[in-house]
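S.K.: Model the structure of this input:
(chains A and B)
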2 protein chains.
Amino acid sequence: MRVLSAAARDTYRRAGCSIDGEVVRFDPELVQSLIASAPAEFVLRARNPARDLRLGGRHVVFSSVGGPAFMSDRHGGRRSGTRAELCDFLRLVHSLPIVHQEGGGAFEALDLPAETRHLDLCLDTIRLTDRNWQATALGRRRAADCIDMAAIALGTDRAGLAERPALLAIVNTNSPLTLDVPMAEGLMELAGAGQAVCVTPFTLAGAMAPATLAGALTLQNAEVLAGVCLTQIVRPGAPVMYGSFTSNVDMRSGSPAFGTPEYMKAAQAGGQLARRYRLPYRSSNATSANTVDAQAAYESVLSLWGAVMGGANLVYHAAGWLEGGLTACFEKAVVDAEVLQTLAEWMQPIVTDDDALGLDAIAAVGHGGHFFGSPHTLARYEHAFYEPLVSDRRNFETWVEAGRPDTAERAAGVWSELLARYEQPPLDPAVEAALIDHVERRKRAIAEEDG
Amino acid sequence: MRVLSAAARDTYRRAGCSIDGEVVRFDPELVQSLIASAPAEFVLRARNPARDLRLGGRHVVFSSVGGPAFMSDRHGGRRSGTRAELCDFLRLVHSLPIVHQEGGGAFEALDLPAETRHLDLCLDTIRLTDRNWQATALGRRRAADCIDMAAIALGTDRAGLAERPALLAIVNTNSPLTLDVPMAEGLMELAGAGQAVCVTPFTLAGAMAPATLAGALTLQNAEVLAGVCLTQIVRPGAPVMYGSFTSNVDMRSGSPAFGTPEYMKAAQAGGQLARRYRLPYRSSNATSANTVDAQAAYESVLSLWGAVMGGANLVYHAAGWLEGGLTACFEKAVVDAEVLQTLAEWMQPIVTDDDALGLDAIAAVGHGGHFFGSPHTLARYEHAFYEPLVSDRRNFETWVEAGRPDTAERAAGVWSELLARYEQPPLDPAVEAALIDHVERRKRAIAEEDG
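M.R.: The predicted model follows:
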């Protein structure tokens, strides 16, 4: 592994890795012994304790999209986003109960300066939702700010936060086989503070990885293990996840493809690898589609099929990802939420007690009757079945009379209504003041540092 | 079970069932002993022997949509269909290699008289595709015509067809607990001729079945077993499938819902029941959506998720179903084919030999390089990954320049091109003449009978 951060190379050296220029080499037994200290399962705190997250085992956490450059909605199309629009996306995430975790910033708020944008994002996130939220690992300074603000938000300090962690950040390696300075130093800052890191190579088969699944997964595995080792050298027992983001390029255009058979297989094989090392596993809900159409939906559900059947403990980008991750889309978030809710309900076991079996009701209705008005049905009328968020089950004629709204159009109505009904969760005014004070102080400090 | 056909009741009586008016009662041990003679797996012949189908075990067959009243395409919208349009749909089915079986008539050709429509459909199907095709079980007369024409098409007679069956027909019970005359008599005709029947109750929870999954599955199971018993009384060893079509109503509107969590669970539980009885299992690809949008896609993939993970050996309506089964849609068939192809490719194991692992290629590319031009990639350039049918992976700008075509619009282009390139598979002129002769003779006979 080529490690561009001298501090990270020093850390690897201390643990017994051999260093050759920027290249770090790992003894297999050392890797095994380092990985062994990572927990198989851990809990991340949320502002609302009822929304604490358990990562690992048979649990699955759905996280909203993070990282796109652009945003889109049906009103204004695809564009650069602002802080106000990002706040609306945070409100939408908070309004969708199936989104368990905010994904670390749905898109870039380009009306804010790049160097201090993370401070405003962190403040807005803590204000607008009481869910758990992701930190950024992009450099030591940004990661440290996220940690300090999480401690303030949760009424604790760095020691308390290390004991009961709250933050998770994605660390992407630069495939093939490179770990850059910001990611390495962000990783070390977070792991050092006892916060969780998810090491995720973007091993796109045919581009940054071999054009075979076995080759891309081999590369992915080496890079994940290198990152996991670094967390455990910095702080044995620090929570860390095995992240898989292996997909393939389109061989005609060279562009990334998602929801492909290769993606599904890689998501499942990635889960097998993670379980081999007893690490919680991260996968994603991804699509290449440029708009919220059939392709966006089938690629997303196929991605989720691979992720969920692969035993993902964290499904990142679960709500709102579009256009190969270049865009966070409001309507897509609603459509994704419908699918995620369906999956959550599907995971509940079938009730099979005598009452549910309904032999008496079947006998009472008899041959050729119907169950609409049966007491067995009436007793369950309200909660018998999953009630959809955006799916339209009107018959064709009624749907035509309504103006033939497609799913994307209906989703625009759903999120507009959710935002209209949104209520900001309470936040202790003293905590909010402390957060604002931190943001202002740090902005001044960054301005001075950057001079 | 209320059995409206006197001939069917007589058949049940002969086997030892007790009859009370129209109601047939089954001794559990008798049911077990009858079911035991049904094969766990069977083969259906196609005109093209390379397209013979194996039903059972770990095999999965994708069948095109069958039974809708209407058709739709992007050019003319949703409407009643004609024979010419149905022929186009048959050509499309033949042009999509992933559709393993024609589904017994995608929609009604309303320019043909109802009483003899099955003869023209059967002739068109045999002419336009060399795939296996489904028969109709709607009455003894229609089923017999299907059998006779299959024998002619395959150059055999009824005895030869019984030895090596070709036909499968869906038999729907009238839930709850009723088997009507046409279905019972169609079933007996087909089973008597050694052809396959798939007994499928439409147990819609909250309407024709209890508003619980356990209740709906209980009812489904009783009705399937009643039908399976009838096939085995008529001809022990006749091929028969366990069909599941349990879903739920929308409790607000009373309309059927598909791709729901309840549907997914029922599809999987149905598979468990089928395996309990060692019967091949049928499920479906269904959606309530009125147009080829995100909902159509996510409900379909979620249905397929339940069906495929439920171990379905036959996925009926796999390509082309829309609007709760009221419409067969050309664009939907293309979108479905993309998903089916993805699933077929996903089912192939990951190659993990030394060459695929690519350790040498990873070493040669080194740190921070790329695999685009690597010999390991170039050697696999053409067939490394699944190549899509309708998915669009162009970047946003290129897609905007192309006029922002959504998936449905692109699918219209795909099927138009497939039809333009369609080549009719060869058919022995003597066989075709014999088929035409049968059709004409039977049309005259039906006209006289109906007189």
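
S.K.: Any stretches of chain A with poor pLDDT?
M.R.: Across chain A, nothing is flagged by pLDDT under 70.

S.K.: again, only this time at 80
M.R.: Per-residue confidence for chain A (pLDDT under 80) gives these ranges: A:451.

S.K.: Could you state which residue of it sits nearest its centroid?
M.R.: Centroid-nearest residue in chain A: A:Tyr316, 2.4 Å away (criterion: Cα atoms, centre = their mean).

S.K.: tell me the SS of that one?
M.R.: Under DSSP: H, G, I helix; E, B strand; the rest coil, the three-state class of A:Tyr316 is strand.

S.K.: List the contacts of it.
M.R.: A:Tyr316 makes contacts with A:Ser63, A:Gly66, A:Gly103, A:Ile170, A:Cys198, A:Gly243, A:Arg282, A:Ser283, A:Ser284, A:Asn285, as judged by Cβ atoms under 8 Å, 6 or more residues apart in numbering or on different chains. The C-beta positions use only the backbone N, C-alpha and C, and glycine is treated the same way.

S.K.: do the same with A:Glu223
M.R.: Residues near A:Glu223 by Cβ under 8 Å, 6+ apart: A:Met1, A:Thr173, A:Ser175, A:Pro176, A:Leu177, A:Leu179, A:Val199, A:Pro201, A:Thr203.

S.K.: how close does the fourth one get to B:Gln220?
M.R.: Meaning A:Pro176. Look at A:Pro176 and B:Gln220: by Cβ to Cβ, to the nearest Å, they are 52 Å apart.

S.K.: A strand includes A:Leu55, no?
M.R.: Yes: counting by three-state DSSP, A:Leu55 is part of a strand.

S.K.: Which residue is the nearest non-sequential neighbour of it?
M.R.: With sequence-adjacent residues excluded and distances taken as Cβ to Cβ, 6 or more residues apart in numbering or on different chains, A:Leu55 is closest to A:Pro280, at 4.5 Å.

S.K.: That neighbour against A:Ala38, yeah?
M.R.: No: at 9.0 Å, A:Pro280 does not count as touching A:Ala38 under the criterion of Cβ atoms under 8 Å.

S.K.: what sits in contact with each of those two?
M.R.: Both A:Pro280 and A:Ala38 are in contact with A:Pro239, where contact means Cβ under 8 Å, 6+ apart.

S.K.: need the residues of the stretch 1-150 of chain A near chain B, please.
M.R.: Within the stretch 1-150 of chain A, the positions near chain B by Cβ under 8 Å from any Cβ of the partner chain are A:Met1, A:Arg2, A:Glu22, A:Val23, A:Arg78.

S.K.: Dump those residues into CSV; add neighbour count and secondary structure as well.
M.R.: As requested, those are exported to CSV (neighbours: other Cβ atoms under 10 Å in any protein chain shown; DSSP: H, G, I helix; E, B strand; the rest coil):
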residue, neighbour count, secondary structure
A:Met1, 24, coil
A:Arg2, 20, strand
A:Glu22, 15, coil
A:Val23, 16, strand
A:Arg78, 17, strand
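
S.K.: Could you identify the most distant pair in those residues?
M.R.: Farthest pair in these (Cβ to Cβ) is A:Val23 and A:Arg78. Separation: 40.7 Å.

S.K.: so which residue of the stretch 301-450 of chain A comes closest to chain B?
M.R.: A:Gly358 (3.3 Å; Cβ to the nearest Cβ).

S.K.: any bit of whichever strand or helix holds A:Gln272 sitting next to chain B?
M.R.: A:Gln272 is part of helix A:261-276, with elements assigned from DSSP states H and E. Yes: Helix A:261-276 lies within reach of chain B by Cβ under 8 Å from any Cβ, at A:Pro261, A:Glu262, A:Met264, A:Lys265, A:Ala269.

S.K.: which one of those has the most neighbours?
M.R.: The most crowded member of these, judged by other Cβ atoms under 10 Å in any protein chain shown, is A:Glu262 (28 neighbours).

S.K.: quick one: contacts for that residue?
M.R.: With Cβ under 8 Å, 6+ apart, A:Glu262 has these contacts: A:Ala205, A:Leu213, A:Thr246, A:Ser247, A:Asn248, B:Phe385, B:Tyr386.

S.K.: circling back: neighbour-wise, which of A:Pro280 and A:Ala38 wins?
M.R.: In terms of neighbours (other Cβ under 10 Å), A:Pro280 is the more surrounded of A:Pro280 and A:Ala38; the figures are 29 against 22.

S.K.: what residues are up against that one?
M.R.: Listed by Cβ under 8 Å, 6+ apart, the contact partners of A:Pro280 are A:Ala40, A:Glu41, A:Phe42, A:Leu55, A:Gly56, A:Pro239, A:Met241, A:Tyr242, A:Ala274, A:Asn313, A:Leu314.

S.K.: Next, A:Gln134: phi, psi?
M.R.: Main-chain torsions, A:Gln134, degrees, to the nearest 10: phi -90, psi 150.

S.K.: Excluding chain neighbours, what is closest to A:Gly270?
M.R.: Nearest non-adjacent residue to A:Gly270, counting by Cβ to Cβ, 6+ apart: A:Ser244, 2.9 Å away.

S.K.: Chain B: which of the contacts of A:Tyr316 is nearest?
M.R.: A:Asn285 (11.5 Å).

S.K.: now the angle from the helix or strand containing A:Ala333 to helix B:261-276?
M.R.: Assessed by DSSP H and E, A:Ala333 sits inside helix A:330-346. Relative orientation of helix A:330-346 versus helix B:261-276 (axes from the mean of the first three to the mean of the last three Cα atoms, to 10 degrees): 40 degrees.

S.K.: Kindly export helix A:330-346 (C-alpha atoms) in PDB.
M.R.: Output of helix A:330-346 as PDB, limited to C-alpha atoms (Å, rounded to 0.1, in the frame of the first residue of the first chain):
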ATOM      1  CA  PHE A 330     -35.200  14.800  -3.400                       C
ATOM      2  CA  GLU A 331     -37.600  12.700  -5.300                       C
ATOM      3  CA  LYS A 332     -35.200   9.700  -5.400                       C
ATOM      4  CA  ALA A 333     -35.000   9.900  -1.600                       C
ATOM      5  CA  VAL A 334     -38.800   9.400  -1.400                       C
ATOM      6  CA  VAL A 335     -38.800   6.600  -3.900                       C
ATOM      7  CA  ASP A 336     -35.900   4.900  -2.000                       C
ATOM      8  CA  ALA A 337     -37.600   5.400   1.300                       C
ATOM      9  CA  GLU A 338     -40.600   3.400  -0.100                       C
ATOM     10  CA  VAL A 339     -38.400   0.600  -1.100                       C
ATOM     11  CA  LEU A 340     -36.500   0.600   2.300                       C
ATOM     12  CA  GLN A 341     -39.800   0.600   4.200                       C
ATOM     13  CA  THR A 342     -40.900  -2.300   2.100                       C
ATOM     14  CA  LEU A 343     -37.700  -4.200   3.000                       C
ATOM     15  CA  ALA A 344     -37.900  -3.400   6.700                       C
ATOM     16  CA  GLU A 345     -41.500  -4.700   6.800                       C
ATOM     17  CA  TRP A 346     -40.500  -7.800   4.700                       C
END
